[in-house]
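Participant: missing the sequence, but the structure's below:
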């Protein structure tokens, strides 16, 4: 069986996000085990030449998607025209697409392919947060078109049962067409920890938030909760925020000026840095409004970090009994959960041990095995319909 996997979306800002973690670790796990399957990875633009972050395998081939430099229209040409033609020329049995975006300037689902498609759709966040993400009419139209194309796929993959329910609720696909395949934490980094992170994590105890000011991450609640904690003169922790863009300090300073200069922002961190932050923080604060999976929670659990997160979407499903759950948009509840972690050693030890056990249940080998089975069913069904 010849399987094509489109990694082109990773050239458009997704390589360091959950989509990148998923795609690269999935390909690594698929090709790590000898099999009769051949895997052709498609790349474009910023991924060319593509430096694979895993060992090259005999059953792995990298294929480029050359496209004329048309600015924002380049992905439309490369994916609505060139990708289907390349899939036919390479005689693929299955084409796996890892994104159905709302922005037409990024690689999306082709309107036509000669090959059965498997599409990974982690969530319907643009519909859930349409006021923030679908403000422009062209984004609304393009996303609705992409969802319509997903309905024609041979199979859909998502990472949680909560996300699967959303796909059914929003009419994207029938439940029997959706395959729930959880992700796993990325392999631990072997590189050096930066001097900046070394200094920050050794000087003062700290709380951690990962994700920046993306609408669903609700960083403002983290800042407000930190401000409430800082009202106590005995509270000595810093707050480290990891992400490309962040809110300003005002939500924390509205609660108390003691929060001033104790909020530290890291826009660019390596995987080694992030692993160190998870391992050394006293708690991860992740009061997200919506997650199709929630990789930061799983990464923190693996590191033994206590986690405070919300009781919505996929987060209870992923964290199980290894986190403290709060209602969304409730800084008082977040602050109370942090006090419980810091003041009660028994709670800290219990959460840390439960988190490490929980994280061990998620492996890329299992993700690859389940994904391989979806490929086989899609290809077999297509042959039966010929």
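Facilitator: Looks like it arrived, so ask away. None of these values were measured; they are calculated from a predicted model. Residues are numbered from 1 along each chain as shown.
Participant: Now do the domain split for the chain, please.
Facilitator: 2-184+363-384, 195-359 (automatic domain parsing).
Participant: Quickly, which of those bottoms out on average pLDDT?
Facilitator: If these are sorted by mean pLDDT, domain 2-184+363-384 sits at the bottom with a mean of 90.
Participant: Reformat the domains of the chain as TSV; add mean neighbour count.
Facilitator: Where C-beta positions appear, they are placed from N, C-alpha and C, glycine not excepted. Below are the domains of the chain laid out as TSV (neighbours: other CB atoms under 10 Å):
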stretch	mean neighbour count
domain 2-184+363-384	18
domain 195-359	19
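Participant: Regarding the protein, what is its longest helix?
Facilitator: Criterion DSSP state H: the longest helix present in the chain is helix 364-384.
Participant: same for it, what does it pack against?
Facilitator: For helix 364-384, the packing partners by 3 or more CB pairs under 8 Å, 6 or more residues apart in numbering; DSSP states H and E come out as helix 18-32, strand 94-97, strand 117-120, strand 155-158.
Participant: Show me the contact partners of that helix.
Facilitator: 1, 3, 25-26, 28-30, 32-33, 35, 37, 93-94, 96, 116-118, 154-155, 157, 179, 181-184 (CB atoms under 8 Å, 6 or more residues apart in numbering).
Participant: Repeat that for stretch 153-173.
Facilitator: Taking CB under 8 Å, 6+ apart as the rule, stretch 153-173 contacts 22, 94, 109, 116-124, 127-128, 147, 150-151, 174-175, 177-183, 292-293, 313-314, 317-318, 371, 374, 377-378, 381-382.
Participant: Compute the first-to-last residue distance for that stretch.
Facilitator: 9 Å (CA to CA, to the nearest Å).
Participant: same thing with stretch 194-214?
Facilitator: Per CA to CA, stretch 194-214 runs 25 Å from first to last residue.
Participant: try stretch 183-196
Facilitator: Counting by CA to CA, the terminal residues of stretch 183-196 are separated by 30 Å.
Participant: can you give me the offset of it from its chain's centre?
Facilitator: 16 Å (CA atoms, centre = their mean, to the nearest Å).
Participant: Which residue, other than its chain neighbours, is closest to residue 196?
Facilitator: Among residues not flanking residue 196 along the chain, residue 266 sits closest, at 7.5 Å (CB to CB, 6 or more residues apart in numbering).
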